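Chemist: I'll drop the sequence and a predicted model, then ask my questions.
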Amino acid sequence: MNEISQEKPRLADVGAGFGELFINRAKTEPEKSFLIIEPLGFPDLPTQEMPKNLTWIKGRLTDKEALPFQNGSVDEVNLNFSLSTMYADYQSPDQEFGGYLQKILREAFRVLKDDGRLIVREERGFCQDVLRPSLDELGADFRMTPAQKKDLSLTGQEMWADYHLDPKKNQRLQPMEVVITKIANPDTVEA
Ligand SMILES: C[S@@+](CC[C@H](N)C(=O)[O-])C[C@H]1O[C@@H](n2cnc3c(N)ncnc32)[C@H](O)[C@@H]1O
C-alpha cells in the first residue's frame, strides 16, 4: 500500500513584492505552506493579518545567493515578473544575462521536488527574447500560454490592462504564464 504523505505542499514566490498573491492564497488554502523570498523584506502593512501558513523570508536569488531550501523540498516555485527586474538591473562585464539566467533557473530546479513545477509569469516579449532561449539551452520542457487575469499579481494586472487597451499594438506586453517541468540533475548555486 502506498504511504500517504502528511506533509503540506510547499509553494514559493521569489521576488514577491508586496506578496498579495500568496497572502490571499494562504488564507483560502490552509492545507498548503506558502514561502515568500523578497529582497525588500516584510511590507509595512499594519492592518494586514499574516496567515500562519505563510513564511516571509528577506533574501534574494542570484548566481551567488541560493534559495534557503533543501534539495527537492518545494512543490512549486513562482517567479512573477521578478526575472525581468533582474534582467533590467543586470550589469556584468564577464557574463551574458542568458548564462546568469540559466544559473537562476537551475537553482529553482534544485529546490523543486521531482514532480515539482517552476512557474514564470512575464510579458510575451521577455518570454520570447530572453526566457525561451535559456530554457531551450537547458533542454527544459515548458508550456507557454497567456496568463489568466485571476493569477496575476499587481504588476501583472497593470500589464494585462495595458495589453487589453490595444492588443494588436501591445502584443509584446501580453502577460504570459510559462510552466516548466523540472530538469534532471540541476547544478547548484553555492550557498
Ligand atoms: C516588478 S516587481 C514584481 C513584484 C511581484 N512579484 C508582482 O508581480 O507584483 C519585481 C520584484 O522582484 C524583486 N527582486 C529583484 N531582484 C531580485 C532577486 N535577485 N531575487 C529575488 N527577488 C528580486 C524586487 O524586490 C521586486 O519585489
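Modeler: Thanks, I have the structure now. Numbering: from 1, shown residues only.
Chemist: where do the helices sit along this protein?
Modeler: 20-28, 83-89, 97-111, 124-126, 132-138, 154-165 (DSSP state H).
Chemist: Contacts (any at all) between the ligand and stretch 142-149?
Modeler: No. Stretch 142-149 lies apart from the ligand when judged by Cβ under 6 Å from any ligand atom; the minimum separation is 10.8 Å. To be clear about C-beta, it is placed using only N, CA and C from the backbone, and glycine gets the same treatment.
Chemist: typed the wrong thing, it's stretch 62-70
Modeler: Yes. Stretch 62-70 is in contact with the ligand by Cβ under 6 Å from any ligand atom, via residue 62.
Chemist: pull the CA atoms of that stretch into CSV?
Modeler: C-alpha atoms of stretch 62-70 as CSV (Å, rounded to 0.1, in the frame of the first residue of the first chain):
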residue,chain,number,x,y,z
THR,A,62,21.3,35.5,-7.6
ASP,A,63,24.0,33.4,-9.2
LYS,A,64,25.8,33.6,-5.8
GLU,A,65,22.8,33.6,-3.4
ALA,A,66,20.9,30.3,-3.2
LEU,A,67,17.3,29.8,-2.1
PRO,A,68,17.1,28.8,1.6
PHE,A,69,15.5,25.5,0.9
GLN,A,70,16.9,21.9,0.8
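Chemist: And that stretch, how far out from the chain middle?
Modeler: Relative to the chain's own centre, stretch 62-70 is displaced by 13 Å; criterion: Cα atoms, centre = their mean, to the nearest Å.
Chemist: ok, and what's touching it?
Modeler: With contacts defined as Cβ atoms under 8 Å, 6 or more residues apart in numbering, stretch 62-70 is touched by 10, 12, 14, 35, 37, 57, 59, 61, 77, 86, 95, 100, 103-104, 107-108, 110-111, 188-191.
Chemist: buried sites along that stretch?
Modeler: 63, 65, 66, 67, 69 (16 or more other Cβ atoms under 10 Å).
Chemist: Could you check the pLDDT of the first one?
Modeler: Meaning residue 63. pLDDT for residue 63: 93.
Chemist: Would you enumerate the residues in contact with the closest residue to residue 178 other than its chain neighbours?
Modeler: Excluding the flanking residues, the one nearest residue 178 by Cβ to Cβ, 6 or more residues apart in numbering is residue 120, at 4.4 Å. Residues near residue 120 by Cβ under 8 Å, 6+ apart: 78, 79, 83, 127, 131, 177, 178, 180.
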